[in-house]
Structure formats: C-alpha cells, structure tokens
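> Whatever this is, show me its structure:
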Amino acid sequence: MRIAALLVSLILLPASYVGAGPVLLLEFLNSDLTFGTVSPDHAGYDLHSLLLDGSPADLDLLGGGFEAMGAVFDHQALVTDGAGDVIGSEYFYTGGTFSISMTVDKDGTLVSGSFVAPIQTLVVTAGEQDGASAWAAYMLGPGLFDTSLADALGIGRHTSGGQGLSQLTLTDNGNRVGVAGDHTVPQRQAWDGVNRVTLNVPEPATLALFAAAGALSIRRRPRR
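Numbering: from 1, shown residues only. Okay, the predicted model is just below:
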C-alpha cells in the first residue's frame, strides 16, 4: 500500500517541481575545437566565473577547464543563400563525454574535483572561411560531481541535465594543428570565444523521494 501511494505521489508531482533546484552557470574564456566529419575534440580553459542561481558562489576560483570528446559524427547539413550558394554548414553528433575539472578555495581550504556527464547531442554551426564564426551547442544528460567539490559548491552531487554553448572563430592558426576550411574539408578547427555551461541540480529532497520509491519497489525474497 505504501509503495502504491508513493508511486502515485511521484506520478502526480508537477514536472516543474521535480526539475526544481539550483542552476549552476560556469563561464570559460577560451577553448579549442576540432570538428568536421571526424569525432570532435573540444577543450576549454580559463574558468572565469561560477554563478549559482545568478549569484557568485561563496568561494574563490583558482582554475578550471572542460573537455568534450568521444562524440560520433551523425550527419552534415548545408546552409545556402537565395542563390543556392553554400554559406555555412551544421554538423550533428551524438554520444561522448563532457567533463569539467576545477580547483577552488573554500574558507581557506583548497578543493580540487571534477564533474562528468554524457553528451546527448552536439551541433556545430560553422561559416565557410578563416575568421568566420563557429558555434558549438551541447545537450547533456544527468551528470555527477565529486563529493568534495559538490560540498564546496553547496549543491547535490547529481545533475538532471545541462547545456553548453561556445562561440568560437574558425582559424588556420589555432593552438592545434588543423585548418579552418569549409564544408568540403573533413577536419576543421576553431578557437577562442566564450563558453557557457549550465547545469541543473535537483533539490536533495526530490532525489531522496525517487530513491525511496526505488527502494520500496524492491520485493524481499521469501525465506525458505
């Protein structure tokens, strides 16, 4: 009876409540992106700010970066103008891993930790020549913080999802070997720009409710 009542309460719980919780925004000032019809590799640097529900977290940032890798190329779509000329292209990827590492000073104590989440989708939109813009848009699945880092940030370890958006510039002279190229080149490169990552952190009470439902749904084996 208790199981049924709890499951009914979960079903009737408004989606806005289930997803409610702090929103963590991280901003990085630089990154390098290699993309194309190959598996993309995106590394970010210079963690500049960290906001929790729009306010700076109660700690000092000492450094941090991110890396997105392992995504699989799915398909490419060309962007054309009224005359039918190609003016850009979109690259679609699925899978892979998005990870963040950082070091913070919390009340005089140094804390280093990481976060990792699966990449659900990645879409890279790029222009056609050196100096044109490129955008990388991520949709992330549920992720996990190290315990020490989550405690320092004052949040739960689990995230229910997130997004990432990077504005970059196509270049032939980035930090990695590569070419800016156009839609016909299998491997291209972009760098610099600003990178913003938003993570949704459910309230601990909501997570506990789901955990309780799972525990109560497990039936005991009869004793022999």
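
> following the helix or strand harbouring residue 144, which helix or strand comes up?
Per DSSP states H and E: residue 144 is located in strand 143-145. Going down the chain from strand 143-145, the next helix or strand is helix 147-153, by DSSP H and E.

> Mind checking the pLDDT average for that next one?
Summarised as a single mean, pLDDT over helix 147-153 is 96.

> list the contacts for the residue lying closest to residue 57 once chain neighbours are set aside?
Distances taken as C-beta to C-beta, 6 or more residues apart in numbering place residue 50 nearest to residue 57, at 5.1 Å, with adjacent residues excluded. C-beta coordinates here come from the backbone N, C-alpha and C atoms, glycine included. Counting by C-beta atoms under 8 Å, 6 or more residues apart in numbering, residue 50 makes contact with 24-27, 56-57, 59, 61, 153.

> nearest to residue 98, of these?
residue 26 (11.5 Å; C-beta to C-beta).

> Describe which strands the helix or strand the closest one falls within pairs with in its sheet and in which direction.
Secondary structure from DSSP H and E places residue 26 in strand 23-36. Within its sheet, strand 23-36 is paired with strand 41-52 (antiparallel), strand 187-191 (antiparallel), strand 195-200 (antiparallel), according to DSSP bridges.

> Distance from the longest strand seen in the chain to the middle of the chain?
Assignment by DSSP state E gives strand 109-126 as the longest strand of the chain. Counting by C-alpha atoms, centre = their mean, to the nearest Å, strand 109-126 is centred 4 Å from the centre of its parent chain.

> who does that strand touch, helix- and strand-wise?
strand 23-36, strand 60-69, strand 86-94, strand 97-106, strand 133-140, strand 143-145, helix 147-153 (3 or more C-beta pairs under 8 Å, 6 or more residues apart in numbering; DSSP states H and E).

> cutoff 7 Å now
Secondary-structure packing of strand 109-126 (3 or more C-beta pairs under 7 Å, 6 or more residues apart in numbering; DSSP states H and E): strand 86-94, strand 97-106, strand 133-140, strand 143-145, helix 147-153.

> List the buried residues in stretch 49-68.
50, 52, 57, 59, 61, 64-68 (16 or more other C-beta atoms under 10 Å).

> Most widely separated two among these?
Of all pairs in those, the most separated under C-beta to C-beta is 59 and 68 at 24.6 Å.

> Give the buried residues for stretch 94-108.
Here stretch 94-108 shows 96, 98, 100-104, 106 as buried, counting by 16+ other C-beta under 10 Å.

> and if you look at stretch 185-205?
Neighbour count says stretch 185-205 has 188-195, 197-203 buried, by 16+ other C-beta under 10 Å.

> Looking at those residues, which has the smallest pLDDT value?
Ranked by pLDDT, these bottom out at residue 203, which scores 59.

> how about residue 194, what does it touch?
Residues near residue 194 by C-beta atoms under 7 Å, 6 or more residues apart in numbering: 27, 29, 167.
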